[in-house]
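Q: What would the 3D arrangement of this be:
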Amino acid sequence: MEFIQNADDAESKCIKIEIIEDYIKIFNDGKSFSKEDVESICKVGRSSKTPKDYIGYLGVGFKAIFLISDCPEIHSGSYHFKFDKNAWQIIPIWIDNPNVELPKDKTTAFIMPNYM
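A: So this is what the prediction gives:
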């Protein structure tokens, strides 16, 4: 549900979900992440979104991903980063050489390796 909310908040028209071996990949065609979006997804209980304009405005939804993946990745626009459940969960770890290929019509990818 969280990824549908993220797609809606980014004004996406469609999402694509792939389940391949030990990965789940979720793509959308909405607006790419901005610096503010990166900062917002790292916050807990605080969001830059307003309830009247966005579904995901409480600032806690994405953190539920740690229930299924220890090291989720986000690839959007010029931002490529991951989180590590075994480190500080809300501090992004930048991916210098991303090894992800987005479908031609998609702008954002959420990748959950080793999902449970």
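Q: How about the secondary structure of I24?
A: strand (DSSP: H, G, I helix; E, B strand; the rest coil).
Q: Can you report how many residues lie near it?
A: Using other Cβ atoms under 10 Å, I24 has 19 other residues around it. In short, each C-beta sits where N, CA and C put it, glycine included.
Q: now swap in P103 and tell me
A: Residues near P103, counting by other Cβ under 10 Å: 12.
Q: residue contacts, it?
A: For P103, the contact set (Cβ atoms under 8 Å, 6 or more residues apart in numbering) comprises 16, 27.
Q: And it, which helix or strand is it part of?
A: Using DSSP states H and E, P103 is not contained in any helix or strand.
Q: Could you check the pLDDT of it?
A: Here, the pLDDT recorded for P103 equals 92.
Q: mind listing the helices for this structure?
A: Chain-ordered helices for the chain, with DSSP state H as the definition, fall at 2-9, 35-42.
Q: Tell me which stretches of the protein form strands.
A: 15-20, 23-28, 73-76, 79-82, 93-94, 108-113 (DSSP state E).
Q: got CSV for the ones you listed, with distance to V44 too?
A: Shown next, in CSV, are the strands of the chain (distance: least, Cβ to Cβ, whole Å):
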stretch, distance to V44
strand 15-20, 25
strand 23-28, 21
strand 73-76, 16
strand 79-82, 17
strand 93-94, 17
strand 108-113, 18
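Q: any idea which of those strands is most buried?
A: Ranked by mean neighbour count, these are led by strand 73-76 with a mean of 23 (mean count of other Cβ atoms under 10 Å).
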